[in-house]
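Trainee: predicted model follows, preceded by the sequence.
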Amino acid sequence: MVFSAEFMRLFPGAKGPRFMGKSVEITLPDFGGGTAETLEAIVSWWPVEVGDGLNTGDDLLEIATDKANFVVPCPCAGVLMEKRVNEEDRVRVGDVVAVLKTQES
Amino acid sequence: MVLKPPTSKTDPVATASRKPLPPWLRLAWPQPGAVDRVRDLLASLSLNTVCRSAQCPNQGECWSRGTATFMILGNICSRNCAFCGVDTGVPTPPEADEPGRIAEAAHLLELRHAVVTSVTRDDLPDGGAAHFAEVIRALRAGCPQISIEVLTPDFGGQRDRVARVAEARPDVFAHNVETIPRLHRLLRDPRASYTRSLEVLRMARELLPETCHVKSGLMAGCGETESEVMDTLADLYAAGCDAVTIGQYLKPRGGRAEVMDYVTPEQFAQYAKKARELGFSFVMAGPLVRSSYHAETLMHHACECTITHAGNNISLPPANLA
C-alpha cells in the first residue's frame, strides 16, 4: 500500500503511526537446508490481502512441497504492503515473499 | 503455532505431479532462525541426516525442537527402492571419525534419545555393522545418559552382522519392513525381501536382552488393504517387535512409486488400536508419523501414542500410563 502525494494531501490522517513504520522484506525462512537444493515449494494461496494488519505468528502464506502443504507464519507484526510472489509461483528458501510495514522506526 | 483450519481450495503442486493433498497433511513452516542451530551444528560436523536426505516434511518441526536423525555411512545408498528419496549410486568409504562426530553432535544438541540410521551398504564386507557398533559405543562413551536407537538396513539377513550391532547394546533396534508382502516387489529393491526383514527383526529379538526394544515401521497409502496391514502387524509381533510406527507414504522428489491413497487419520487410529490389541507396547500411527518421529517417546512414554493430525497435534497419553 503506497500512498501518492495527492492521497496524503487529501487524507493526512493516513500519516499516523500505522503507516510510518519501517518496510521489512519477508523471506521464506530456512527449513533445514534440504529444501533450497532438493525441494521447491509452490505458492498455494495468500490467506491475507495487501493492507491487512498481521500479528507475529499469523498465517501469512500457504505453500506446497511435494510432500505436504505448509503455512508460513508471519515473523513480525505489521501491515502487509506488497506480495512479491503470486499463486502458483515457485519459491525457494531465502526468496522475498512479501513486504511488511512494521510499527518500529 | 496453532494452525487455523484450511480454507485453501487450490493445491498447485497437485496439478503438476500429484493428487491434491488432504487437509491433514498441512504443517507449519518453521519460524525464521528456528532450525539454524541444528543446521549449523550438523554442517560444522559434516553429518548427514535422513531428515534432509529423505526430504522429511517434519524436518522443520523436529529441527526447531533441537532433534535430528543421524544418517551414517554416507548419503548414497547401494540400493534403489522406489519409495525412497535417498540417492542411489556408488557409496563413499566409511569415515573412521564419524562415530566421534555423532557423539559430539548428540552431546552439543543435548539429546536424551539419539536415533541413528544409515544407507544400505551392500558394498561393505559387513554391510556397515561394525560402523553401527562403533557409533553406539561412541555415544555410550560420550553421552552416558542417552538412550540409543538404531534403524538398520537388513544386513543381507546375516546373523553375524545383526549380532555385531546387538553386542553394542542399543536400547532400541529398529528395522523397517516398510510395506506389506504383496507390495515388496513393487516398492523395495530386489535385494530386500519381506521374509528377510522379519528374519532380521527375529534375530535382533533373540540377540538383545529383554529390556531392549525391537521396532519396525510400515508405510500406508501404497495400495495395501486393512487386512493386509493387520497380517503384517501380526507378523511383526510374532517376529518379536514390541514397537511399531505406521505413517503415510509420501512420494519424494525423484521417487518412482506413486501415492495410491491418502489414509485418513481415523484409519490410522484404527491401525493403532488393532496394533495395541495384538500386544505391541508402543504404537505410533498417523499421517505424518515417520520411523523416528518423536522416537524418544518410546523410551520415555512407552505406550500407545497416536498422532491423528499434523505433527503438531501429537497426543501423548496420560502420565499414569507412561
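Mentor: Nice, I can see it. Numbering: from 1, shown residues only, chains lettered A, B, ... in the order given.
Trainee: how about whichever strand or helix holds B:V283 and chain A, any contact?
Mentor: With elements taken from DSSP states H and E, the one containing B:V283 is strand B:282-286. No: counting by C-beta under 8 Å from any C-beta of the partner chain, no contacts exist between strand B:282-286 and chain A, the nearest distance being 13.0 Å. Quick note: C-beta positions are derived from backbone N, CA and C, even for glycine.
Trainee: chain center to that strand: distance?
Mentor: 12 Å (C-alpha atoms, centre = their mean, to the nearest Å).
Trainee: output that strand in CSV with nothing but the alpha carbons.
Mentor: Provided in CSV are the C-alpha atoms of strand B:282-286 (Å, rounded to 0.1, in the frame of the first residue of the first chain):
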residue,chain,number,x,y,z
PHE,B,282,4.4,-48.9,21.7
VAL,B,283,2.4,-47.8,18.6
MET,B,284,2.7,-44.6,16.7
ALA,B,285,0.4,-44.2,13.8
GLY,B,286,-0.7,-41.1,11.9
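Trainee: quick check: which ranges of the chain have low pLDDT?
Mentor: In the absence of a named chain, chain A is used. For chain A, applying pLDDT under 70 flags the ranges A:1-20, A:33-39, A:104-105.
Trainee: look at chain B instead
Mentor: For chain B, the stretches with pLDDT under 70 are B:1-18, B:301-322.
Trainee: the strand holding B:V283: what's the following helix or strand?
Mentor: helix B:296-301.
Trainee: for that following helix, packing partners?
Mentor: For helix B:296-301, the packing partners by 3 or more C-beta pairs under 8 Å, 6 or more residues apart in numbering or on different chains; DSSP states H and E come out as strand B:113-118, strand B:147-151, strand B:213-220, strand B:282-286.
Trainee: can you pull the buried residues of that helix?
Mentor: For helix B:296-301, a neighbour-count test (16 or more other C-beta atoms under 10 Å in any protein chain shown) marks B:E296, B:T297, B:L298, B:M299, B:H301 as buried.
Trainee: correct me, but the first one touches B:I146?
Mentor: Meaning B:E296. No: here B:E296 lies out of contact with B:I146, judged by C-beta atoms under 8 Å, at a distance of 10.0 Å.
Trainee: doesn't B:M260 make contact with B:K251?
Mentor: No: the criterion here is C-beta under 8 Å, and B:K251 misses it with B:M260 at 10.3 Å.
Trainee: the two - which one has more neighbours?
Mentor: B:K251 (20 against 14; other C-beta atoms under 10 Å in any protein chain shown).
Trainee: what's the closest non-adjacent residue to that one?
Mentor: B:V259 (5.4 Å; C-beta to C-beta, 6 or more residues apart in numbering or on different chains).
Trainee: re the thing from before, in a markdown table: the helices and strands packed on helix B:296-301, plus mean neighbour count.
Mentor: Below are the helices and strands packed on helix B:296-301 laid out as a markdown table (neighbours: other C-beta atoms under 10 Å in any protein chain shown):
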| stretch | mean neighbour count |
| --- | --- |
| strand B:113-118 | 26 |
| strand B:147-151 | 24 |
| strand B:213-220 | 26 |
| strand B:282-286 | 27 |
